[in-house]
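A.B. asks: next one to model:
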Amino acid sequence: MPHQFGLAKVTKRVFAERAEFDLVAQLICLIQDACGYQSALRDRRTYPQFLIVEQDTTNGPTGFRTAPLTKGMMMTKMRTRTVFAAAAVVGLGLIALPAGAGAKSNKTTVHANLTSLNNSGVTGSATVTVNGNKLDASIDATGLLADAPHAAHIHFGATAQHECPTQAADGGDGQLSTGEGLPFYGPVVVSFTTSGDTSPASVLAIDRFSTAPGGVINYDRNSIKTQRAVAKAIAAGEGVVVIHGVDYNHSGAYDFEAGVSDLNSSLPAEATDLAACGVLND
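C.D. replies: Got it, this is the predicted structure:
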């Protein structure tokens, strides 16, 4: 009977069925990079890295030994023998292939501590999980101008410093603009819009960014697509999260008292100047 060792004095007893052969053959491919073994066996050579597990009752009823697999064994015994990778033998019972065996996770999670710029009083945190060329992102921030759109992005540039600017970069006018921060964090690579496109093309899609009800942003969006090189840079800790929108004169709304935006002259500087920033890293 398959899977059961008797006490009869025999040299061998095989304990497998064809279905198990198919299952474990897949396991070999996963853990031993041996998916090409079938073509190799056609050369009529012996491959000791593939082992036949057998009973050897000469050392007692529970003894077992291993023997190298040859083409002859493969062709004549495949219905009654199971091929095991040596590293996969876990006793004399059935081997169960766990779900996801051999699967390699490509996910990387990075975090940012968002600190205030331009004396905005905005603080918070951001988390981004990178999986291939897709991002799952969340942002939690407080202290923002309530009920006003706040553009938020990931910035990255190969020649940038991959860091947040300090207020010293504001050119002496006390207003740190997006352009003044570019040498530090680079251009926009991901737009944290609430719907639709998330590419750099949506950098100023003011109608699709969070409006911070009550001065709070709780943003969550999954499966944001980006370029693979950008995703790799973010996973490596080179992405920078920036939230925009500062009420310099505390009027309760964006206005032109502080001038026009350096990104679009039809917008006030308050709408695009920097409110908070944080580097995404471990």
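A.B. asks: where does pLDDT dip in the stretch 151-282 of the chain?
C.D. replies: For the stretch 151-282 of the chain, applying pLDDT under 70 flags no range at all.
A.B. asks: do a quick rundown of the helices in it.
C.D. replies: 178-185, 228-235, 269-272 (DSSP state H, counting those that start in this stretch).
A.B. asks: to residue 198, which of those helices lies closest?
C.D. replies: Among those, helix 228-235 comes nearest to residue 198, with 11.5 Å by Cβ to Cβ. C-beta coordinates here come from the backbone N, C-alpha and C atoms, glycine included.
A.B. asks: CSV for the helices of the stretch 151-282 of the chain, including distance to residue 150 and mean neighbour count?
C.D. replies: Formatted as CSV, these follow (distance: least, Cβ to Cβ, whole Å; neighbours: other Cβ atoms under 10 Å):
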stretch, distance to residue 150, mean neighbour count
helix 178-185, 13, 19
helix 228-235, 21, 19
helix 269-272, 9, 25
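A.B. asks: so what's residue 177 up against?
C.D. replies: 170, 261, 262, 269, 272, 273, 274 (Cβ atoms under 8 Å, 6 or more residues apart in numbering).
A.B. asks: buried subset of those?
C.D. replies: Buried subset of the contacts of residue 177 (neighbour count, 16 or more other Cβ atoms under 10 Å): 170, 261, 262, 269, 272, 273, 274.
A.B. asks: quick check, nearest of the residues you listed to residue 206?
C.D. replies: Each of those was checked against residue 206 using Cβ to Cβ; the closest is residue 272, at 9.2 Å.
A.B. asks: does that closest one touch residue 203 like I think?
C.D. replies: No - counting by Cβ atoms under 8 Å, residue 203 is not a contact partner of residue 272; they are 9.3 Å apart.
A.B. asks: end-to-end on stretch 161-178?
C.D. replies: 15 Å (Cα to Cα, to the nearest Å).
A.B. asks: which stretches in the stretch 101-250 of the chain count as strands?
C.D. replies: For the stretch 101-250 of the chain, the strands defined by DSSP state E, counting those that start in this stretch cover 107-116, 123-131, 134-142, 152-155, 188-191, 216-225, 240-244.
A.B. asks: name the stretch among these that sits most buried.
C.D. replies: Most buried of the strands of the stretch 101-250 of the chain, by mean neighbour count (mean count of other Cβ atoms under 10 Å): strand 240-244, with a mean of 29.
A.B. asks: now that strand against strand 134-142, angle please.
C.D. replies: Counting by axes from the mean of the first three to the mean of the last three Cα atoms, to 10 degrees, strand 240-244 lies at 50 degrees to strand 134-142.
A.B. asks: and strand 240-244, what other elements does it pack with?
C.D. replies: When contacts are defined as 3 or more Cβ pairs under 8 Å, 6 or more residues apart in numbering; DSSP states H and E, strand 240-244 sits against strand 107-116, strand 123-131, strand 134-142, strand 152-155, helix 178-185, strand 274-279.
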